[in-house]
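Chemist: Fold the following, please.
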Amino acid sequence: MDNFYTAVRLEEGLCRGCINCIKRCPTQAIRVRNSKAVIKTEFCISCGECIRICPYHAKKSIFDPLASLNQFDYKVALPAPSLYAQFNNLGSTNLVLNGLINMGFDDVFEVSGAAEIVSALTRKYIKEHRDRLPLISTACPTITRLIQIRFPNLIENLIPIISPVDLAAHLAKERAINNTGLSPDKIGIVFISPCPAKVSAVKNPIGIEKSDVNLVLSMENIYSRLLVSLNEIKNKDNLEDLTMSGKIGISWGGSGGEAGGLLSDNYLAADGIENVIRILEDLEDEKLRDLEFIELNACNGGCVGGVLTVENPFLAKVKIKRLRKNMPLEKSSLTNYIEEEPYMYWSKEIEYKPVYQLGGNMHESINMLREVETILEKFPGLDCGSCGAPSCRALAEDIVRGQASENNCIHIVRDYIHKLSEDIYLLDAKKIN
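Modeler: Numbering: from 1, shown residues only. Down below sits the predicted model:
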């Protein structure tokens, strides 16, 4: 089984072996072994919950350093819609776009502009595929990965349209090549991300062979430099109008924004990974038949709640609402100019990844499952996490896989010590008598 690329890493020197992360991980991807957390990459969906919950900041997101920009002759920034919500008293998204140019980027291409194209494509796709309702958004790569490994029956409900990030990257690279005449390898397409999942999606794309994104920067990492840049240009009167999106595109930064772009009220929008899992379970049980569209975001509040942002997600959603106030519904010049092309859809189907399967075939899996049930009878069923696994069943499965032993359970060890102590006592008593 090939491991997924995960953009979450552990700094062992900071890890104290607590069990906060293993109890919060939605896919049971973390164990504590030898007093250090271990990430099982085949289970990880890069949701960032372990980064959010770790009290010692031992979990970190992988992203590209700012210095990596120097390898390209021409650099294009792709700001996510949630970037605008990180700043106070912004007034206009155009200030951020010009701030990125002032920082050293040669061009900018709004992901929110591409999002408006994806919204238009989604409206069309829903209309043409009424037999597959409800359809599920594929904009959040964490959700798509989650469905791929845990909810295989829902794969057919996924909308096979590429994400706004990948669409923006493709269009931005085409524009840069046409404007500069440079070869593609000299042009750097740089996404400014609110979360590690987007990093994983660039390294390990879903539905496409290769992403046109070359680098992924963290919003948190770029924030201070961009803030300085904004202060340098905020009083200028001759800022170039670089905006490419309206209300629909900007709204993608918060939960419900994508669904709002469908211009319909027959949808469900949920955020927060635990809430999302409950929705997917209900959907798998066919409890949500009457909906057209389901928007799911792993982070609370949507992308504004990503672990690589700096602003409180609730305040960030307020800022998005304020920015939308004086915007047009959409920048029709972009959606009308771009014609629908095959590259806007997935070029390959995604497959179920049975990462939780115990054996290599059905017969082996059944036998291993029996072993798990036998081992479980020995455990107290407390799911305390003291063994370093999130539950007694997870430990039993690790044992069957050869990745742990029964002695990892402190209750079994304790009972063994008590029995050993009793045996020694009885042996001593016999010697005295």
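Chemist: buried ones in stretch 372-389?
Modeler: V372, I375, F379, D383, G385, C387, G388, A389 (16 or more other Cβ atoms under 10 Å). C-beta: built from backbone N, CA, C; applies to glycine.
Chemist: for stretch 260-270, which positions count as buried?
Modeler: Buried residues in stretch 260-270, counting neighbours by 16+ other Cβ under 10 Å, are found at G260, G261, L262, Y267, L268, A269, A270.
Chemist: So what touches it?
Modeler: Contacting residues not belonging to stretch 260-270 are listed as 115-116, 119, 122-123, 126, 134, 248-249, 251-252, 255-256, 258-259, 276, 279, 288, 290-297 [Cβ atoms under 8 Å, 6 or more residues apart in numbering].
Chemist: export it as PDB, just CAs?
Modeler: Extracted in PDB, the C-alpha atoms of stretch 260-270 (Å, rounded to 0.1, in the frame of the first residue of the first chain):
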ATOM      1  CA  GLY A 260     -23.700  30.000  -2.000                       C
ATOM      2  CA  GLY A 261     -22.100  30.300  -5.400                       C
ATOM      3  CA  LEU A 262     -24.500  27.800  -6.700                       C
ATOM      4  CA  LEU A 263     -27.300  30.400  -6.500                       C
ATOM      5  CA  SER A 264     -29.600  27.700  -5.000                       C
ATOM      6  CA  ASP A 265     -30.800  26.900  -1.500                       C
ATOM      7  CA  ASN A 266     -30.900  23.100  -1.900                       C
ATOM      8  CA  TYR A 267     -27.500  22.400  -0.300                       C
ATOM      9  CA  LEU A 268     -25.800  21.500   3.000                       C
ATOM     10  CA  ALA A 269     -22.600  23.100   4.300                       C
ATOM     11  CA  ALA A 270     -20.700  21.700   7.200                       C
END
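Chemist: This protein: strands as residue ranges?
Modeler: Using DSSP state E, the strands found in the chain span residues 8-10, 30-33, 36-39, 59-61, 74-79, 107-108, 135-136, 187-193, 215-218, 267-271, 293-297.
Chemist: Serialize the buried residues of stretch 260-270 to CSV and add fields for distance to F72 and pLDDT.
Modeler: Listed next are the buried residues of stretch 260-270 as CSV, based on distance: Cβ to Cβ, whole Å; pLDDT from 0 to 100:
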residue, distance to F72, pLDDT
G260, 35, 93
G261, 32, 92
L262, 36, 92
Y267, 39, 95
L268, 41, 95
A269, 37, 96
A270, 38, 96
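Chemist: Would you check how far apart the nearest residue to G256 once chain neighbours are set aside and E371 are?
Modeler: Closest residue to G256 apart from its sequence neighbours, by Cβ to Cβ, 6 or more residues apart in numbering: A269 at 4.1 Å. Computed as Cβ to Cβ, to the nearest Å, the A269 to E371 distance reads 42 Å.
Chemist: So, low pLDDT: which residues of the stretch 301-433 of the chain?
Modeler: Within the stretch 301-433 of the chain, the ranges that satisfy pLDDT under 70 run 332-338, 413, 415-416, 418-423, 425-426, 428-433.
Chemist: would you list every one of the helices in it?
Modeler: Using DSSP state H, counting those that start in this stretch, the helices of the stretch 301-433 of the chain run over 313-324, 332-337, 362-376, 392-400, 410-432.
Chemist: Just give the nearest non-adjacent residue to R145, would you?
Modeler: Here the residue nearest R145, using Cβ to Cβ, 6+ apart, is I45, at 4.2 Å.
Chemist: Backbone dihedrals for the one you found, please?
Modeler: I45 has phi and psi values of phi -120, psi 10 when expressed as degrees, to the nearest 10.
Chemist: returning to what we had before: select from the contacts of stretch 260-270 every entry located in helices.
Modeler: Among those, the ones falling in helices (DSSP state H) are 115-116, 119, 122-123, 126, 248-249, 251, 258-259, 276, 279.
Chemist: How about the contacts made by the residue nearest to R145?
Modeler: I45 makes contacts with F4, P26, T27, A29, T142, R145, L146, I149, A197, A298, as judged by Cβ under 8 Å, 6+ apart.
Chemist: Can you flag which of the residues you listed belong to helices?
Modeler: Secondary structure from DSSP H places T142, R145, L146, I149, A197 of the contacts of I45 in helices.
Chemist: Of those residues, which is the nearest to S68?
Modeler: Closest approach between these and S68, by Cβ to Cβ: A197, at 19.8 Å.
Chemist: Report pLDDT for that closest one.
Modeler: A197 carries a pLDDT value of 96.
Chemist: and what of R289?
Modeler: pLDDT, R289: 83.
Chemist: neighbours of it, just the number please.
Modeler: R289 is flanked by 8 other residues according to other Cβ atoms under 10 Å.
Chemist: What of R31?
Modeler: With other Cβ under 10 Å as criterion, R31 counts 25.
Chemist: Could you pull up the residues touching it?
Modeler: Contacts of R31 (Cβ under 8 Å, 6+ apart): I22, A37, V38, K40, G388, A389, D398, Q403, A404.
Chemist: Weed out the non-buried ones from the residues you listed.
Modeler: Burial by neighbour count, 16+ other Cβ under 10 Å: within the contacts of R31 this picks out I22, A37, V38, K40, G388, A389, D398, A404.
Chemist: ok, now which ones touch the first one?
Modeler: By that I understand I22. Contacts of I22 (Cβ under 8 Å, 6+ apart): Q28, I30, R31, V32, A37, G385, G388, A389, P390.
Chemist: For it, give its distance to V32.
Modeler: Distance, I22 to V32, using Cβ to Cβ: 6 Å.
Chemist: what's the overlap in contacts for those two?
Modeler: Taking Cβ under 8 Å, 6+ apart as the criterion, I22 and V32 both touch G388.
Chemist: ok, the nearest residue to R393 once chain neighbours are set aside - contacts?
Modeler: Excluding the flanking residues, the one nearest R393 by Cβ to Cβ, 6+ apart is L376, at 6.3 Å. The contact partners of L376, taken as Cβ under 8 Å, 6+ apart, are C392, R393, A396.
Chemist: Touching, the first one and E377? I think so.
Modeler: It stands for C392. No - using Cβ atoms under 8 Å, C392 is not in contact with E377, being 10.3 Å away.
Chemist: Spit out the residues that contact those two alike.
Modeler: Contacts common to C392 and E377, judged by Cβ under 8 Å, 6+ apart, are absent.
Chemist: Tell me the pLDDT of N3.
Modeler: 57.
Chemist: so how many other residues sit close to the nearest residue to V199 once chain neighbours are set aside?
Modeler: Nearest residue to V199, sequence neighbours excluded (Cβ to Cβ, 6+ apart): A7, at 3.7 Å. A7: 26 surrounding residues under other Cβ under 10 Å.
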